[in-house]
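> Sequence first, predicted model second:
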Amino acid sequence: MFKIKYFLWVLAPLLFSCTDQDDEYINIPLEFKVPSNFPALAYNIALNPPTEKGFELGKKLFYDGRLASDGVVSCGFCHIQANAFTHHGHTVSHGVNDAQGTRNTPAIQNLAYQTVFMYDGAAEHLDLQPIIPLTSIIEMNGDLNAILKMMKTDKDYQKLFGQAFDDGAITTENMLKALSQFMVMVTSSNSRFDKYRRNETGGTLTTDELAGYDLFKSKCASCHAADLQTDNSFRNNGLAVNPLVNDVGRYKVTELASDYYKFKVPSLRNVEVSGPYMHDGRFGSLEGVLDHYQSGVLASATLDPILNQNGKLGITLSETDKTQIIAFLKTLTDKQYLTDKRFSEY
């Protein structure tokens, strides 16, 4: 009996010590470095600095199907890491009950360098962007009140919110901030092209790739600018309008006639693995995209002037030009980002 009492007396301080340690968990800040070949951040990271537990919470939310009405369609359902967080092979996004949207799933990469989101710019802050797919009846069809109720009864969420935020509150605001912390960290900056630009080991480009880069700079970089591979503008690139959908693009947000059929210029990073292409996924290959710019551009009132030079529609491209440009585009594939376990579900 004495031995049992003595054992419990010795064990008790250890149990209390473990409990106190857990309660006093220190949420470690995550390092975020802007690559030397990148512009300054657009997202005010000081207002929502990524932390170890904030990132972990955001990742859990990103892959949790319970945020959708069917308990299945998570953010990660349509944003697959191996394909630059796009819905590879799907022309347009698929949501709850296999509902189909009208637009191709955009990539998630380098979002902290952007000021507007979605193909039509419907969201102007990264912290608010997830509300659109979360509540869309053809995407996740989620109910924010139901989501809060679910999280408040989940022990893992209770713990993570408590560790990730000073107030420990399970609120919509904190949920969105956690998602932003995850998405801010999902960066692509280590492709072979990046290493070439930074003069790092592994940044050697072949003769065809360098020729493709020169062609790209003269024929494509006015829209797909600098190292982010986008100028984040909205442009009409001469696509034939699908009459069954009549997606008016940016006009839907601004209601300015000058914005008819304009869509946000996507980044070409990891474009090798993120097909199909264009806002509606109409092209299944990079060859198809370049064929459009060579001979498929249609005139309209809002067509980008770059694609209508002195009455000549499109971009002059030879077959060799196309081959070399595609060779260059493949140097934008960032295998580290595509396989980084920090971003994966499992």
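Received the coordinates, thanks.
> Run through this structure and note the low-pLDDT ranges.
For the chain, applying pLDDT under 70 flags the ranges 1-24.
> which residues in this protein form helices?
2-23, 52-62, 75-78, 131-135, 144-152, 155-164, 172-185, 192-197, 207-219, 251-254, 286-291, 319-329, 335-339 (DSSP state H).
> Run the angle between the fifth one and helix 172-185 for me.
The reference is to helix 144-152. Interaxial angle, helix 144-152 versus helix 172-185 (axes from the mean of the first three to the mean of the last three C-alpha atoms, to 10 degrees): 80 degrees.
> tell me what helix 144-152 is packed against?
Here helix 144-152 touches helix 131-135, helix 155-164, helix 172-185, going by 3 or more C-beta pairs under 8 Å, 6 or more residues apart in numbering; DSSP states H and E. Bear in mind the C-beta positions are built from the backbone N, C-alpha and C, glycine included.
> Same check on the third one?
Using 3+ C-beta pairs under 8 Å, 6+ apart as the contact criterion, the secondary-structure elements in contact with helix 75-78 are helix 52-62.
> Just the CA trace of the helix it packs on, in CSV.
The C-alpha trace of helix 52-62 is given here as CSV (Å, rounded to 0.1, in the frame of the first residue of the first chain):
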residue,chain,number,x,y,z
GLU,A,52,2.8,27.0,-36.8
LYS,A,53,-0.6,26.4,-35.3
GLY,A,54,-2.4,28.9,-37.5
PHE,A,55,-1.0,27.1,-40.6
GLU,A,56,-1.9,23.7,-39.2
LEU,A,57,-5.5,24.9,-38.5
GLY,A,58,-5.7,26.4,-42.0
LYS,A,59,-4.5,23.2,-43.6
LYS,A,60,-7.1,21.2,-41.6
LEU,A,61,-9.8,23.5,-42.7
PHE,A,62,-8.6,23.4,-46.4
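> For that helix, name the packing helices and strands.
helix 75-78, helix 155-164, helix 172-185.
> now those in a markdown table, with mean neighbour count and distance to residue 61?
Formatted as a markdown table, these follow (neighbours: other C-beta atoms under 10 Å; distance: least, C-beta to C-beta, whole Å):
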| stretch | mean neighbour count | distance to residue 61 |
| --- | --- | --- |
| helix 75-78 | 21 | 8 |
| helix 155-164 | 17 | 9 |
| helix 172-185 | 22 | 5 |
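> so which of the ones you listed gets nearest residue 245?
Nearest to residue 245, of all the helices and strands packed on helix 52-62, is helix 75-78, at 18.4 Å by C-beta to C-beta.
> can you give me how far the closest one is from the chain middle?
Centroid separation between helix 75-78 and its chain, computed with C-alpha atoms, centre = their mean, to the nearest Å, is 11 Å.
> then it to PDB, C-alphas only?
Only the C-alpha atoms of helix 75-78 are listed here, as PDB (Å, rounded to 0.1, in the frame of the first residue of the first chain):
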ATOM      1  CA  CYS A  75     -11.300  23.200 -50.800                       C
ATOM      2  CA  GLY A  76      -8.700  20.500 -51.500                       C
ATOM      3  CA  PHE A  77     -11.300  18.500 -53.500                       C
ATOM      4  CA  CYS A  78     -11.000  21.000 -56.400                       C
END
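> Contacts for that helix next, please.
Contacts to helix 75-78, defined as C-beta atoms under 8 Å, 6 or more residues apart in numbering, come from residues 61-63, 65, 67, 86-87, 90, 93-95, 105, 130, 133, 139-140, 179, 345.
> out of those, which are buried?
61-63, 67, 86-87, 90, 93-95, 105, 130, 133, 139-140, 179 (16 or more other C-beta atoms under 10 Å).
> Just give me the closest of those residues to residue 116.
residue 130 (14.7 Å).
> so what's the closest one closest to, chain neighbours aside?
residue 179 (5.2 Å; C-beta to C-beta, 6 or more residues apart in numbering).
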